[in-house]
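Trainee: Here is a sequence together with a model predicted from it:
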Amino acid sequence: MTTSAKQVNGNVRSWLRRCHRWLGIAATLFVLMLSVTGIALNHSTDWRLDRRYVSWNWAIDALGVHAPEPSVSFADNDHRVTQIGERTYFNGREIGSGMESLTGLVWLDPLVAIASGESIILLTADGELVQRFDVSAELPGTIERIGKADGRPVLESGGVYFIGDADATAFDPWPDGAVATVAWSSPSKPSPRQIVALKELYRGRGVTVERFLIEIHSGRILVAAGPLALDLVAAVFILLSISGLFVWLRGRGNGAQGQRR
């Protein structure tokens, strides 16, 4: 082999070794990421990752989490309940998820009564849950609207009116009631500032740490670019295998030539 050929051969081996080294580093980082996220997901329940939330805006944006517009909102005496998606907020504080559609809110000093489907939810002015009870056994159907008369809650269900006791825990038919005196709860739109604050709250509890790790582990964190990133990683492993094979074969060939000499 001429000196020129030896130089070319040496340059090729050097270039292959450098490529192999950098590809190896890239592959190692990917394997570390898979290992760390895999271990964390295996202990998701123990570490309560399904109950902790990511607060990084870039991560929430990367996963495409957007807060929907409020579907319904009611207010009385400076207290407001709003439903956004599957979540319900009272005075800017989440009080539950998966509730049936809200039908109203009334202030029954010192408590707040919220009507939802066949349930009444009693809260303090600070949003602490006092009681939640099912009134379906006392009503012919779902709660169509809620109001108050003389400080007592009034419900309408199936075209029939029911008046509650002072604690709003029991309701009786009110056939002879002065319905005209009832102040019914009606939907009202939150202010633009309140909507912005509620959407921030929604986004802040939109991605659990568990989901975030799953998206990283699967490569979906980049949404549209995720599959391309996985293709790139696969290409790195292919090149790593090929470059390692070439380095080994060239080293073996040079060793054989040296032995023949």
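Mentor: Great, that's in hand. Numbering: from 1, shown residues only.
Trainee: Look at residue 217 and tell me its secondary structure.
Mentor: Look at residue 217: counting by DSSP: H, G, I helix; E, B strand; the rest coil, its state is helix.
Trainee: Look at it and say how many residues are nearby.
Mentor: 17 (other CB atoms under 10 Å). For glycine as for every other residue, the C-beta is placed from the backbone atoms N, C-alpha and C.
Trainee: So, low pLDDT: which residues of the stretch 101-250 of the chain?
Mentor: Applying pLDDT under 70 to the stretch 101-250 of the chain flags the ranges 205-206, 218-230, 233, 247-250.
Trainee: mind listing the strands for it?
Mentor: 102-108, 111-116, 119-124, 129-134, 145-149, 152-157, 160-164, 171-173, 183-184 (DSSP state E, counting those that start in this stretch).
Trainee: So which of those is nearest residue 85?
Mentor: Nearest of these to residue 85, taken as CB to CB: strand 102-108 at 12.7 Å.
Trainee: between that closest one and strand 152-157, what angle do the directions make?
Mentor: 160 degrees (axes from the mean of the first three to the mean of the last three CA atoms, to 10 degrees).
Trainee: quick one: contacts of strand 102-108?
Mentor: When contacts are defined by CB atoms under 8 Å, 6 or more residues apart in numbering, strand 102-108 is touched by residues 72, 74-77, 79-81, 83, 88, 112-117, 142-148, 151-153, 168, 183-186.
Trainee: filter the residues you listed to the buried ones?
Mentor: 72, 74-76, 79-81, 83, 88, 112-116, 142-143, 145-148, 152-153, 168, 185 (16 or more other CB atoms under 10 Å).
Trainee: Let me see the domain layout of this structure.
Mentor: 3-62+207-253, 72-203 (automatic domain parsing).
Trainee: okay, those, which one's buried deepest?
Mentor: Mean neighbour count (mean count of other CB atoms under 10 Å) peaks for domain 72-203 among those, with a mean of 17.
Trainee: end-to-end on that one?
Mentor: 18 Å (CA to CA, to the nearest Å).
Trainee: cool, stretch 66-81 as well?
Mentor: 20 Å.
Trainee: Give me the distance from it to the chain's centre.
Mentor: Offset of stretch 66-81 from its chain centre (CA atoms, centre = their mean, to the nearest Å): 20 Å.
Trainee: How about stretch 159-166?
Mentor: How far stretch 159-166 lies from its chain's middle: 38 Å, per CA atoms, centre = their mean.
Trainee: Just the CA coordinates for it, please, in PDB.
Mentor: Output of stretch 159-166 as PDB, limited to C-alpha atoms (Å, rounded to 0.1, in the frame of the first residue of the first chain):
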ATOM      1  CA  GLY A 159     -92.100  22.400  36.000                       C
ATOM      2  CA  VAL A 160     -92.600  21.900  39.800                       C
ATOM      3  CA  TYR A 161     -91.300  24.200  42.500                       C
ATOM      4  CA  PHE A 162     -89.600  23.100  45.700                       C
ATOM      5  CA  ILE A 163     -88.500  25.200  48.600                       C
ATOM      6  CA  GLY A 164     -85.700  24.200  50.900                       C
ATOM      7  CA  ASP A 165     -85.100  24.600  54.600                       C
ATOM      8  CA  ALA A 166     -82.800  27.200  56.100                       C
END
